[in-house]
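Visitor: structure for the following, please:
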Amino acid sequence: MTTAPQQVRYDRAEIKADETVPAIHIWRDFAATPDQLLRAHTDPELFARWVGPDGMTNEILEWDARSGGSWRYRAGREEFQTEFRGCFHTVGRDRIVQTFTWEGMPDDVSLETMTFSDLGDGRTRLHAMSLCDSFEGRDQWLASGMEVGIDDGYAKIDTLAAEGALG
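Guide: Here you go, the predicted structure:
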């Protein structure tokens, strides 16, 4: 497993391909507690406010953020609409394990694990690992421009935290 050094700060997302398995690792630090980051990822109203690139609107179609629950949302702007879905395998205080499928490629499913680590200075590190079906699929994700949605979305989490919207 690829790990990030604790002394490094991630004020922007660090996205890396795993060399040994078809996985993508993402690290990002936030001025928020682990509980606040968990809430940003599990509260459907908050999630819809931050996920994805700037200019996209999100509509929650299904949301049951508990171990064994499922989720589905529509994202879009103007003429473009797309949907994503998955199942929450585990929802815990310091981690979420879920599946992720873009309905444009419904046979490709990734297994995502997100951990929230308290850095001890009022900041929390998010480490997301997406295990893809194949190296080819992983490389297609990496070439898709996904970093724009990740960076824009995580910046919105920063704003929500600064506004006190995460509790």
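Visitor: all contacts plus neighbour counts: C-alpha atoms, from now on.
Guide: OK.
Visitor: what's across from Met114 in the sheet?
Guide: On the basis of DSSP bridges, Met114 is bridged to Ile96, Ala128.
Visitor: any idea how far Thr82 is from it?
Guide: 23 Å (Cα to Cα, to the nearest Å).
Visitor: so between these two, which is more surrounded?
Guide: More neighbours surround Met114 than the other of Met114 and Thr82, with 21 against 13 (other Cα atoms under 10 Å).
Visitor: what's near enough to touch the more buried one?
Guide: 95-97, 126-129 (Cα atoms under 8 Å, 6 or more residues apart in numbering).
Visitor: per-residue confidence for it?
Guide: For Met114, the pLDDT comes out at 98.
Visitor: against His89, how distant is it?
Guide: Distance, Met114 to His89, using Cα to Cα: 12 Å.
Visitor: check Ile150 too.
Guide: Distance from Ile150 to His89, by Cα to Cα: 22 Å.
Visitor: which residues touch stretch 156-167?
Guide: 30-32, 36-37, 39-40, 46, 49-51.
Visitor: in strands only, show me those residues.
Guide: Phe30 (DSSP state E).
Visitor: touching, Ala31 and Arg125? I think so.
Guide: No. Contact criterion Cα atoms under 8 Å: Ala31 and Arg125 do not qualify, at 9.1 Å.
Visitor: which secondary structure elements does the least confident helix or strand in the chain by mean pLDDT sit against?
Guide: Here the helix or strand of the chain ranked lowest by mean pLDDT, DSSP states H and E is helix 135-143, holding a mean of 92. Contact analysis of helix 135-143 by 3 or more Cα pairs under 8 Å, 6 or more residues apart in numbering; DSSP states H and E lists strand 23-30 as its packing neighbours.
Visitor: what strands line up against the strand it packs on, and which way round?
Guide: strand 14-17 (antiparallel), strand 124-131 (antiparallel).
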